Every structure is written in C-alpha cells, then in structure tokens.
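# Predicted model and sequence below, questions to follow.
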Amino acid sequence: METLAITNIGAMISGSLETGLIDADTLLVEDGRIAEIGNGLDTSGADRVLDCVGTTVAPGLIDGHLHVVIGDYTPRQKTVDFLESWVHGGVTSGVSPSEVHAPGRPSDPVGVKALAIAAQRCFSNFRPGGLKMHAGSVIIEPGLREKDFEELAAAGVWLAKVGFGSFERQVDSAPIVRAAQRHGLKVLCHTGGASIPGSSAVMAEDLIEIQPDMAAHINGGTTALPDEGLERVIVETEIALQICQCGNLRAALLTVERCVALGRLGRINIASDSPSGTGILPMGVIKSIVELSSMAPLKPEDAWALGSGTPADHWGLGDQGKIEVGRAADLVIMDAPLGSAAPDAVSAIAIGDIPGITGVLIDGRAWVMKSRNTPASTRFCKWVRVSTAD
C-alpha cells in the first residue's frame, strides 16, 4: 500500500457547500484515496511527502460540458491533444454532453447507440494527462425505445443529451427522456438559443415539459433565456442548473443571485462548454469560479464547490469532487498568482485573480507540478520525500 502525505497546507477547500473551508494542515493518502485529514498528522511512515509551503489545497474540478468525440480530437474545432491542457487548468474529471460534433453524426437509433458505446469504451481505456473522462452520451433522437436504453445501460452508457435531436418540436422528446431516466441515464438538455446550424432553441416552457436532470448552460450557449424564462426554471423546477464559461455572463450572475436569495445554490454547477465556437478554454471552469466569486454574492470556497462538489453530486460521481475521507485524491494545489494583491489563493479568487496552480494530483499521483496555463504561482509546493515512481 503506497502512502502519500501532503503537509503544511495553508488553506483547504472542501468542495462542499455545507463544509466550506476545512481546518486542517495535513492530508494522508493511501492507494490513491484520502485516508485521513487533520492537523499535525504523523507523516513519518509515508512513502512520499509533498510540502505545500502554506499554499491552498482544493478538490479537482469537474468540467461537466467538455466537447469530446472519440479520443483526444474534437473535429468541429479541428482540435487535437487538448484534454491534457484541461488538467493544467485544475480539471481532474470531465463529462461529455454527447458526441454531437462527430462529422456526419448518425440520427437513427442504431447509429446513436453505436456512437455512444464507442465513445464510452474509448474513454474507459484512455486517460489523457490523467483526466477522468466520462464519455459516451447518447443523443436522444426520434425512434429510440425503452429497449434501446435498456441495452445502453447494460453496455455501461449512463449519459444522454436532448435538444439536438430531429424533433419537429423539442418537447416531443419528453416521453423518450422519461424512458432514458427509467434506466438510470442522466439526461442533459440544451438550453437557450440555437448554438449550431440545424439545431433549435430550447426555452423555459420546453425545459419544464421535458424535465431533464440538468439544464446545459442555463446562462446560454451562448444565447441565454429571457429573464422571465430563467426565473421560471429556477422557481418552478428542481432541474440542476449548469453555468458555462461559453455563455452569457449577465445571465450567469443573475442565476447565482437568484439561487442564493432562494437558498438553492446547490442546484448550480459550473462547466466550460468547450471546445466550441467560443474557443478552446482549458481554464474555463476556474475562470468562471473567479468571475462568479468576485462579482456575485458568493464566497470563494462556495464558488469552488460549484465546480467540484456539486457537479460530482449532480452527475453521481460519488468518489470525486470533495475532500473527504474515502474519496479519490484528486487535488489541486494553488496559490495567489505572482503580483496579486492577495496573500493566498482563496483571497485571489475573491478579488478576481486566477490562482497559480502548482500541483494537480489524480488518484494521488502528481500529473502537473507547474501549470503551463495559469499565471505563475507566488509559492510552489515541493517534494521532500519521493519514491522510485516519482
């Protein structure tokens, strides 16, 4: 059993809205999972020791809207080898919103099932930069039946996307969505104006009738719902609300403000919706965290939770997204960026500065020790005891 001790932690973000910051300066990890959290823990028996030199530790981010197809290539943007870069942005897990950008993608039941299963199988065997990519999301199309979702679930597919199918009206998909949900599939629904040629808008009344598990980019991808429609979705439903960097910032702020006022912040999760026409944004999630914390009534640790713990809850990723005993040691080590007015990462987020990432661990293994994407960190964690694996 390999053990890792992470010491001299200045601040620890739990990833949980209920817990916020954790009063602890040491983490012990055994076989890739968090084994103990506390102050001044005995680290003498650890195989490896990582000194945080007073910097901040947080759970890895989960990008719940990351446009993959099959492998590390997204054809619509002609982008290759992009997924490892997300890890340099603090993302340790990704979720596909369906492989909708596959060239000439099929729309018949056999074809959409085949595409989903192929993507699911691909990313079951592929960890670019250590990233845990949850892919294989079936696109809900006319003609899919109960038995199709039974077959998909048996094959390991648990994701579905609605809002891009060949329906005359998107609300006509509602019975098929119910069938997918009965077989345990988590259904994400496109929200707002049409995002690509040939697709259609999905408005508040559509969402209320379709009742997906999650509204993709509730702040628009990129065109947002009218304010009154956004209000209806927040007040009249329990649908999880995904805020994306590639969306409308005003609508994102309004969503946070209304959910805070109503005591429903836990319905929000943050994602990137990238790569897309807006760009390739490996720091999309952390950028939204910083923007929302500095401009909305949102504490930095709560903003971080919207990018880690709440997406883990919404997607059912029970071993990821939070710093808790028994969870995967998917961790981000960061500090105030060099030149910031803030003394640490938590304070930097509060004033709108993106922290400098100095370490990303996935299942207790260090995949990044100096981010090539974030600003330079003021302080850098360092190994003080290593094993032959390091």
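Sure thing, it's come through. Numbers count the residues shown, from 1 in each chain.

# buried stuff in the strand or helix carrying residue 314?
According to DSSP states H and E, residue 314 maps onto helix 309-315. Residues of helix 309-315 classed as buried: 309, 310, 311, 312, 313, 314, 315 (neighbour count, 16 or more other Cβ atoms under 10 Å). No exception for glycine: its C-beta is placed from N, CA and C like everyone else's.

# just for this protein, where's the confidence low?
Residue ranges of the chain with pLDDT under 70: 195-199, 388-390.

# okay, which residue of it is out on the far edge from center?
Distance from the centre of the chain peaks at residue 44, with 35.0 Å (Cα atoms, centre = their mean).

# Show me where the stretch 1-150 of the chain has its helices.
With DSSP state H, counting those that start in this stretch, the ranges of helices along the stretch 1-150 of the chain come out as 83-88, 109-124, 146-154.

# Mean neighbour count, these: which tops it?
Sort those by mean neighbour count, taking mean count of other Cβ atoms under 10 Å, and helix 83-88 sits at the top with a mean of 23.

# packing partners for it?
strand 356-362, strand 365-368 (3 or more Cβ pairs under 8 Å, 6 or more residues apart in numbering; DSSP states H and E).

# Quickly name whichever of the buried residues of helix 309-315 is closest to residue 33.
Using Cβ to Cβ, residue 312 comes nearest to residue 33 of these, at 14.6 Å.

# Which residue comes closest to the closest one once chain neighbours are left out?
Spatial nearest neighbour of residue 312, excluding adjacent residues (Cβ to Cβ, 6 or more residues apart in numbering): residue 321 at 2.7 Å.

# same question, residue 163
Once flanking residues are discounted, residue 163 sits nearest to residue 190: 2.8 Å by Cβ to Cβ, 6+ apart.

# so how many other residues sit close to that neighbour?
28 (other Cβ atoms under 10 Å).

# Show the contacting residues for it.
By Cβ atoms under 8 Å, 6 or more residues apart in numbering, the contact list for residue 190 reads 161, 162, 163, 164, 199, 202, 216, 217, 221.

# a markdown table please, covering those residues and showing secondary structure.
Formatted as a markdown table, those follow (DSSP: H, G, I helix; E, B strand; the rest coil):
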| residue | secondary structure |
| --- | --- |
| 161 | strand |
| 162 | strand |
| 163 | coil |
| 164 | coil |
| 199 | coil |
| 202 | strand |
| 216 | coil |
| 217 | coil |
| 221 | coil |
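
# and which of these is nearest to residue 301?
residue 217 (23.9 Å).

# Look up how far residue 243 lies from the closest one.
Distance of residue 217 to residue 243, computed by Cβ to Cβ, to the nearest Å: 7 Å.

# hey, what's in contact with both of those two?
residue 271.

# what's the spacing between the residue farthest from the centre of the chain and residue 7?
Distance, residue 44 to residue 7, by Cβ to Cβ: 11 Å.

# picking that back up, kindly write the ChimeraX command that selects the buried subset of the contacts of residue 190.
Applying 16+ other Cβ under 10 Å to the contacts of residue 190, the buried members can be selected in ChimeraX as follows:
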select :161,162,163,164,202,216,217,221
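
# isn't residue 220 right next to residue 245, touching?
No: the pair residue 220 / residue 245 is not scored as a contact, 11.4 Å apart, by Cβ atoms under 8 Å.

# Quick check on those two: which one has the bigger neighbour count.
More neighbours surround residue 245 than the other of residue 220 and residue 245, with 27 against 23 (other Cβ under 10 Å).

# residues contacting that one?
When contacts are counted by Cβ under 8 Å, 6+ apart, residue 245 touches 270, 271, 272, 273, 274, 278, 281, 284, 285, 287, 288.

# Show me the two of these that sit farthest apart.
The largest separation in those, counting by Cβ to Cβ, is between 270 and 278 at 15.2 Å.

# For residue 312, give me its contacts.
15, 62, 93, 318, 320, 321, 322.

# Can you add neighbour count and distance to residue 250 and give those residues back as TSV?
As requested, those are exported to TSV (neighbours: other Cβ atoms under 10 Å; distance: Cβ to Cβ, whole Å):
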residue	neighbour count	distance to residue 250
15	31	27
62	30	25
93	26	28
318	12	34
320	23	31
321	30	27
322	25	30
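
# ok, so of the residues you listed, who is nearest residue 336?
The closest of the contacts of residue 312, once distances to residue 336 are taken by Cβ to Cβ, is residue 15, at 19.8 Å.
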